[in-house]
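Student: Got a predicted structure plus its sequence, pasted below:
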Amino acid sequence: MPLSCLQRAELTLFFAAFLCGVLAAAALTRTQASFSGSCPLYGVAHLNRSSLALSRGSDLSLCYFVAGASGLLALYCLLLLLFWVYSSCIEDSQRGPIGLRIALAISAIAIFLVLVSACVLRFGTSSLCNSIISQNTTISCSEAQKSPWTPPGTALHFYSNLHNAENSSWVNLVLWCVILVLQVIQLKSETISYPSLERGDPEWSSETDVLVGSHLSHS
């Protein structure tokens, strides 16, 4: 059975979310590597003679959480895309109401994780930039990328990478919210198309009569 328009739109959004997650994780990882493995989010900079240096970074688990959450969600999107390509082309299977409810729960968790990651990137970058600007060696964090750092080569494109990671996370948040809305619409459509049979419904009664009649005919 071919995929519906809503399912195709959902898969397209999953592909976009995959790209955003990969970009956010890669950008933050590059930034952390440029600071010799230290996590620059909420970091404190100081002036070492005529060059800047990161005197104190935040706990490594903070950067690991943001990069890990973005990377795991990107991996989930990729696996889901591969699964649906395989299912629609080979097995020709469809997702039922239970599968939709599971997908809804995962999407809600994903929205929470992406929101937390985006906020950490936003406020963590602002805290680092405020610390750098307070040293009175530069007027902006983007200009600080051109300033000398200790050791040499530190903080290479750090602000651009953090800015890209933050923007990717906010876009990813919007994508996951739209995915959740599409899944809710599909769940309502499934519920209307396949209503549960309850005792006392005419459809339930007719099927019960058939089953009972068939049982009596064999007895």
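Tutor: Good, I have the coordinates.
Student: now this structure, which segments are flagged as low pLDDT?
Tutor: Low-confidence segments of the chain (pLDDT under 70): 1-3, 90-95, 190-219.
Student: which strand of it spans the most residues?
Tutor: Criterion DSSP state E: the longest strand present in the chain is strand 39-48.
Student: contacts for the next helix-or-strand element following that strand?
Tutor: Sequence-wise, the next helix or strand downstream of strand 39-48 (DSSP states H and E) is strand 51-58. The contact list for strand 51-58 (C-beta atoms under 8 Å, 6 or more residues apart in numbering) reads 35, 38-47, 124, 132, 135, 137, 144, 147-150, 154-155. Placement of C-beta: from N, CA and C, glycine included.
Student: What strand or helix carries the closest residue to Ile111 other than its chain neighbours?
Tutor: Nearest non-adjacent residue to Ile111, counting by C-beta to C-beta, 6 or more residues apart in numbering: Trp176, 4.8 Å away. Assigned by DSSP H and E, Trp176 belongs to helix 158-193.
Student: For that helix, name the packing helices and strands.
Tutor: In this structure, helix 158-193 packs against helix 5-34, strand 39-48, helix 60-86, helix 97-133, helix 141-144, with contacts taken as 3 or more C-beta pairs under 8 Å, 6 or more residues apart in numbering; DSSP states H and E.
Student: so can I have TSV of the ones you listed showing mean neighbour count?
Tutor: Formatted as TSV, those follow (neighbours: other C-beta atoms under 10 Å):
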stretch	mean neighbour count
helix 5-34	20
strand 39-48	20
helix 60-86	17
helix 97-133	18
helix 141-144	17
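Student: And the ones you listed: which comes nearest Asn172?
Tutor: Distance to Asn172, taken as C-beta to C-beta, is lowest for helix 5-34 among the helices and strands packed on helix 158-193, at 3.9 Å.
Student: Could you figure out how far that closest one is turned away from helix 158-193?
Tutor: On the basis of axes from the mean of the first three to the mean of the last three C-alpha atoms, to 10 degrees, helix 5-34 is oriented at 160 degrees to helix 158-193.
Student: quick check, distance from helix 5-34 to the centre of its chain.
Tutor: The chain centroid and the centroid of helix 5-34 are separated by 7 Å under C-alpha atoms, centre = their mean, to the nearest Å.
Student: Now do that helix: which elements does it pack against?
Tutor: Using 3+ C-beta pairs under 8 Å, 6+ apart: helix 5-34 touches strand 39-48, helix 60-86, helix 97-133, helix 158-193.
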